[in-house]
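>>> Below are the sequence and a predicted model for it; my questions follow.
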Amino acid sequence: MTEAPAILPARGAGDRLTALFWRRPRVLLALLLAPPLLWLGVVYLGSLVALLLQSFYSIDEFSGIVKPEFTLKTYAELLRAQNMDIILRTLLMAVLVTAASVVIAFPIAYYAARFARGRWKAVFYLGVMLPLWSSYLVKVYAWKLILAREGILTWIADHTGTGPLLARALEEQWFGGSSLSTSPVGTFLVFVYIWMPYMILPMQAALERVPGSLLEAASDLGASRGQTFRTVVLPLALPGVVAGSIFTFSLTLGDYIIPQIIGNSARFIGLAVYQFQGTAGNLPLAAAFAVVPIAIMLVYLWIAKRMGAFDAL
Amino acid sequence: MTLPAVEFRSVSRHFGTVRAVDQVDLTIAEGAFFAMLGPSGSGKTTCLRLISGFEKPTGGSIRIHGQDVSDVPPNRRNVNTVFQDYALFPHMSVRDNVAYGLMVKGTPKRQRLDRAEDLLSLVKLPGYGDRKPGQLSGGQRQRVALARALINEPRVLLLDEPLGALDLKLREAMQDELKALQKRLGITFVFVTHDQHEALSMADSLAVFNQGKIAQIGTPAEVYARPKTRFVADFVGSSNVLPPALTQALGGPAAWASLRPESVRLAAPGAVAGVVTAIRYLGAGSRVVLRMGETELAALVPTGDALPDIGTPCGIAFDPAALHVMEGA
């Protein structure tokens, strides 16, 4: 009987490479991490740092040339009434859009996570994802038609006798307009629609991870539906809600297209950045504006952490 | 006269065409340690969930302490459950987990946390209140689940395979503890298990489930010694099931019978003989399997006694009283 060798012969470069990685696991790790780290470190964070630096420069008011000297003058400009107006309007819109998204998305996500099975689960995913596959601009313009004075919403209002009510609401100073498509209400509705999938999906993922036996245990111990929801479902789903709200909140803070197409042309941060760096050529002020959402998000995450949103992670 | 703790009157639970529980009649006496034993899919867990209210019967009625609970949701039944996976709330401390039942009732904070501490002492985990469930071992989690289920002082405690996830040593220790706890508290325990040793050693009485029906109900000794059907004989203690012809050849009537392996002694080949096909060493004894025509028959030979060789012919001897003729097929 011939003895089989204890060590099998290497079959080629693949086997030799496998042996190298087995002896030096760090080589594999370095090879895997180098490209993304280069990308993230240099291209991604680098551009962000460049932006931050710009915000500490200022523009010469006569020549319109950027002076590369450290100053907080540009940030002081942010505090001017018309600029604070932009910031507060954007912040309010982001808060309202996020709140509405949570309220609308939760039942959908809850249904999908707890009850939908098989075919209905597929229908859910398709329904939520389908809008993401079509062009953003097409969706926004579709909404412009829906919300227009001659659009379907006005038509429905007229035919259900709520036309006068709608007209009355549009007369309201701080959110009205000549039609829904030129009012802040319109901007709000389109924001909620466009960002909805980004709220539903993380919520659904979080709810899916809550075992059904926990809900049964709560009920078994005497909790009503409401108590189970408050003490078990909500705390465990909170990381998902926060994740979703980070999306809707930051996307609303930075968007510059929807307020241009739908609404009363009041400026939002994204639009301000777009205009200051483009037409106005005021790169430092655009950069300072771009820092605002980053600062707001950091504060938001800090508050969320303080409130224990990530405790269940 | 005391009412039974749990009473099933021809209760059914069908899932589409699957009859998970099929016309079950069952009476569990107050203060009993009752085991529901059966293989997976036999309907025992569904029966437990019918008592807790997580399943609604598709037919029949369920009474708990004489009261019909058919329309009562789980949170209003004075019954608590120790779940198979323990189902501890991962975001709460152990103390808050245990106090949960009192919290939802609106008991003041001080009072309920004191009571939680008492129960943690009862299950031998004093001082563990500040930890999170994730920081505990499997056996400790099991105790927390038990304490949590006991805090509402239920009249019936349901246990769904509570020891299934524990290793053997811990399981045996917990069996003794659960039994002692039940004696001390006097609460009715209803215990679901697929482990016949667990059911036999812990229960005062037990029901053996098979395909959604109760195959036999009785004390462990009754069920073990006098199985009603072939299924019970085979499932509870892996008894030898003898077909009518063999029973007759061994001196019994022409009917199905059961014969415990520990009642069988090996002897010189006689009128009835077989061939040794397998020997399995079990520690305290060895299980010797004989092939007799179509039937396999096992004998338990105590360690120290001589063992035959595989392939040799062998006869058997037994006390005629040990041969139990079954009523059912």
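Noted; the coordinates are in hand. From a predicted model like this one, the values you see are computed outputs, not experimental measurements.
>>> Can you name the residues in contact with the host helix or strand of B:Val275?
Using DSSP states H and E, the element containing B:Val275 is strand B:273-281. Residues from elsewhere that reach strand B:273-281, judged by CB atoms under 8 Å, 6 or more residues apart in numbering or on different chains: B:286-292, B:296-297, B:307-316. C-beta: built from backbone N, CA, C; applies to glycine.
>>> Tell me which residues of stretch A:248-265 come out buried.
A:248-255, A:258-260, A:262-263 (16 or more other CB atoms under 10 Å in any protein chain shown).
>>> which of the contacts of strand B:273-281 are buried?
B:Ser286, B:Arg287, B:Val288, B:Val289, B:Leu290, B:Met292, B:Leu297, B:Pro308, B:Cys314, B:Gly315, B:Ile316.
>>> Look up how far A:Tyr75 lies from the residue of the stretch 151-300 of chain B found nearest chain A.
Nearest to chain A in the stretch 151-300 of chain B, going by CB to the nearest CB, is B:Asn152, at a distance of 6.3 Å. The gap separating B:Asn152 from A:Tyr75 is 59 Å, by CB to CB, to the nearest Å.
>>> same thing with A:Asp85?
On the measure of CB to CB, A:Asp85 and A:Tyr75 end up 16 Å apart.
>>> Ok, A:Ser213 next?
53 Å.
>>> for B:Lys105, same thing?
For B:Lys105 relative to A:Tyr75 (CB to CB), the value is 55 Å.
>>> any low-confidence regions in chain A?
Scanning chain A for pLDDT under 70 picks out A:1, A:309, A:311-313.
>>> What residues does it have near chain B?
Counting by CB under 8 Å from any CB of the partner chain, chain A comes close to chain B at A:211, A:213-214, A:216-224, A:227, A:231-232, A:235-236, A:311-312.
>>> Those, buried ones only, as a PyMOL selection?
To isolate the buried members of the residues of chain A next to chain B in PyMOL, using 16+ other CB under 10 Å:
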select buried, chain A and resi 213+214+216+217+218+219+220+221+222+223+227+231+232+235+236+312
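>>> Now do the strand or helix carrying A:Leu201: which elements does it pack against?
Under the criterion of DSSP H and E, A:Leu201 resides in helix A:184-208. Contacts defined by 3 or more CB pairs under 8 Å, 6 or more residues apart in numbering or on different chains; DSSP states H and E place helix A:184-208 against helix A:81-114, helix A:119-133, helix A:136-147, helix A:234-254, helix A:258-261.
>>> what's the fourth one packed up against?
So the one you mean is helix A:234-254. Taking 3+ CB pairs under 8 Å, 6+ apart as the contact cut, helix A:234-254 packs with helix A:81-114, helix A:184-208, helix A:269-277, helix A:283-306.
>>> Can you tell me which of the helices and strands packed on helix A:184-208 is nearest to B:Leu323?
Closest approach to B:Leu323 among the helices and strands packed on helix A:184-208 is made by helix A:81-114 (54.7 Å; CB to CB).
>>> what angle separates that closest one from helix A:184-208?
40 degrees (axes from the mean of the first three to the mean of the last three CA atoms, to 10 degrees).
>>> Name the residues of helix A:81-114 that are buried.
A:83, A:86-87, A:89-91, A:93-94, A:97-98, A:100-102, A:105-106, A:108-110, A:112-113.
>>> Stretch B:240-259 too?
B:Asn240, B:Val241, B:Leu242, B:Pro243, B:Leu246, B:Thr247, B:Leu250, B:Gly252, B:Trp256, B:Ala257, B:Ser258, B:Leu259.
>>> Now render those as a markdown table, adding pLDDT and secondary structure.
As requested, these are exported to a markdown table (pLDDT from 0 to 100; DSSP: H, G, I helix; E, B strand; the rest coil):
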| residue | pLDDT | secondary structure |
| --- | --- | --- |
| B:Asn240 | 88 | strand |
| B:Val241 | 89 | strand |
| B:Leu242 | 88 | strand |
| B:Pro243 | 88 | coil |
| B:Leu246 | 87 | helix |
| B:Thr247 | 87 | helix |
| B:Leu250 | 84 | coil |
| B:Gly252 | 82 | coil |
| B:Trp256 | 88 | coil |
| B:Ala257 | 90 | strand |
| B:Ser258 | 90 | strand |
| B:Leu259 | 89 | strand |
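>>> ok, and of the residues you listed, which contact chain A?
For chain A, no contacts are drawn from these by CB under 8 Å from any CB.
>>> thinking B:Ile151 is in contact with B:Arg95, fair?
No: contact between B:Ile151 and B:Arg95 fails when scored by CB atoms under 8 Å: they sit 11.0 Å apart.
>>> list residues touching both of these two?
Shared contacts of B:Ile151 and B:Arg95 (CB under 8 Å, 6+ apart): B:Ala116.
>>> contact partners of stretch B:53-63?
So stretch B:53-63 is contacted by A:216, A:219-220, B:3-4, B:6-14, B:21, B:23-24, B:46, B:49-51, B:68-70, B:72-74, B:77, B:79 (CB under 8 Å, 6+ apart).
>>> rewinding a little: ok, B:Ile151 and B:Arg95, which is more surrounded?
The neighbour count for B:Ile151 versus B:Arg95, taken as other CB atoms under 10 Å in any protein chain shown, is higher for B:Ile151 (25 against 20).
>>> Not counting residues beside it along the chain, what's closest to the more buried one?
The shortest distance from B:Ile151 to any non-neighbouring residue, by CB to CB, 6 or more residues apart in numbering or on different chains, is to B:Gly101 (4.7 Å).
>>> my read: the one you found touches B:Arg148, true?
Yes: judged on CB under 8 Å, B:Gly101 makes contact with B:Arg148 at a distance of 6.8 Å.
>>> joint contacts of these two?
A:Leu221.
>>> Could you check which of the two is surrounded by more residues?
B:Arg148 (31 against 26).
>>> can you give me phi and psi for that one?
Here is the backbone geometry of B:Arg148 (degrees, to the nearest 10): phi -60, psi -40.
>>> same question, B:Pro90
For B:Pro90, the backbone dihedrals (degrees, to the nearest 10) come out as phi -70, psi -20.
>>> From B:Val190, how far out is it?
Applying CB to CB to B:Pro90 and B:Val190 gives a distance of 27 Å.
>>> So for these two, which sits in the more crowded spot?
Ranked by neighbour count (other CB under 10 Å), B:Pro90 and B:Val190 place B:Val190 first, with 27 against 17.
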